[in-house]
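>>> Just the structure for this:
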Amino acid sequence: MIRCLAVDDEAYASEILAGYIRKTPGLELVSTTTNPFDAIQLVQSGEVDLVFLDIQMPELNGIQFLKICGRSCKVILTTAYEQYALEGFEHDVVDYLMKPIPYDRFYRSIMKAKQLFEGDTPKLKNEPEHANGTAFATDYIFLKGDSKNKFIKVDLKDIIYIEGLKNYISVYTSTQRLITYQSLRDFEAQLPPTEFIRVHKSYIIPFGKISTVDGNSLFINNQLIPIGDAFKEAFFKAIKERRS
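Below is the predicted model:
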């Protein structure tokens, strides 16, 4: 059970998040508060695992909160201002939610958080879908660039596959190859498990880009990708579930 805290200087905003938390399996609402100093006390007392944190607050803003408590809990930022996204990711936040926050986007953040807490790819019941029946079909992530303050925005729908190579990974998109210095495991935690799956110790692929599966291999755009023995059972189970 992930213990959650919603912090927002506007009470109605934290109550929306509280409602989402209450109806999502695996989450426990510890409290909501409009006071970031009360939130700091709760986090430092060890009562909270995950904080939904507004950035624009009087007296103490979300970035300042991260500098104080960022190592004591995991944080999902919530804001109406996109310009703080890069600074938030510098503090290793789980995700960055733009207001107004729809439940499906909230849910995807929870999946990321659960992966970080549990080290796997759990699937919650009643998984939300868009109107066209495809869960979380479009979104984006930021890749760490080759300097401290450089981040590259990548649309998930453009990713063809991801390859891990020692201390860095290559992200192949429909137009380019991007290199970022992080582990494949850490990168996997940023991806929605409804759309992506790890099929080998060195490869993550999007379900939607698979053209053929043949024994211990699959093909994406004529690129052969091996299916590792350790990942085979989970992969074929996922394929069967998507057929049903």
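>>> domain assignment for the protein?
Split into domains by automatic domain parsing, the chain comes to 2-118, 141-243.
>>> Any chance of these in CSV with mean neighbour count and mean pLDDT as columns?
The C-beta positions use only the backbone N, C-alpha and C, and glycine is treated the same way. CSV is the format used below for those (neighbours: other CB atoms under 10 Å; pLDDT from 0 to 100):
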stretch, mean neighbour count, mean pLDDT
domain 2-118, 18, 85
domain 141-243, 15, 86
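>>> separation between residue 2 and residue 193?
16 Å (CB to CB, to the nearest Å).
>>> meant to ask about residue 236
Between residue 236 and residue 193 the distance, using CB to CB, works out to 16 Å.
>>> And for residue 153?
Taken as CB to CB, the span from residue 153 to residue 193 is 21 Å.
>>> Then residue 229?
20 Å.
>>> quick one: residue 38 is in a strand?
No. Counting by DSSP: H, G, I helix; E, B strand; the rest coil, one finds residue 38 to be helix, located in no strand.
>>> For it, give me its contacts.
Listed by CB atoms under 8 Å, 6 or more residues apart in numbering, residue 38 has no contact partners.
>>> likewise the one 10 residues further on?
For residue 48, the contacting residues are 3-5, 30, 42, 73, taking CB under 8 Å, 6+ apart as the criterion.
>>> And for residue 52?
Neighbour list for residue 52: 4-8, 14, 17, 21, 75-76, 78, 97 [criterion: CB under 8 Å, 6+ apart].
>>> host element of it?
Remark: residue 52 resides in strand 50-54, with elements defined by DSSP states H and E.
>>> Figure out how far that strand is from the centre of its chain.
Chain-centre distance of strand 50-54: 14 Å, with CA atoms, centre = their mean, to the nearest Å.
>>> Quick check: can you name the pairing partners of that strand and their directions?
strand 2-7 (parallel), strand 74-79 (parallel) (DSSP bridges).
>>> Any chance of TSV for those, columns distance to residue 48?
Output for the strands paired with strand 50-54, formatted as TSV (distance: least, CB to CB, whole Å):
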stretch	distance to residue 48
strand 2-7	5
strand 74-79	9
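>>> Of those, which is nearest residue 112?
Taking CB to CB, strand 74-79 is the member of the strands paired with strand 50-54 nearest to residue 112, at 8.3 Å.
>>> Mind listing residues that contact that closest one?
8, 13, 17, 49-56, 62, 66, 69, 84-85, 88, 91, 93-99, 101, 109, 113, 116-117.
>>> Convert the C-alpha atoms of it to PDB, please.
This file holds the C-alpha atoms of strand 74-79, laid out as PDB (Å, rounded to 0.1, in the frame of the first residue of the first chain):
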ATOM      1  CA  LYS A  74       8.700  10.200  -3.900                       C
ATOM      2  CA  VAL A  75       7.000  13.200  -5.500                       C
ATOM      3  CA  ILE A  76       4.600  13.800  -8.400                       C
ATOM      4  CA  LEU A  77       4.400  17.500  -9.300                       C
ATOM      5  CA  THR A  78       1.000  19.100 -10.100                       C
ATOM      6  CA  THR A  79       0.800  22.500 -11.700                       C
END
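>>> For residue 212, which residues are in contact?
Residues near residue 212 by CB under 8 Å, 6+ apart: 218-219.
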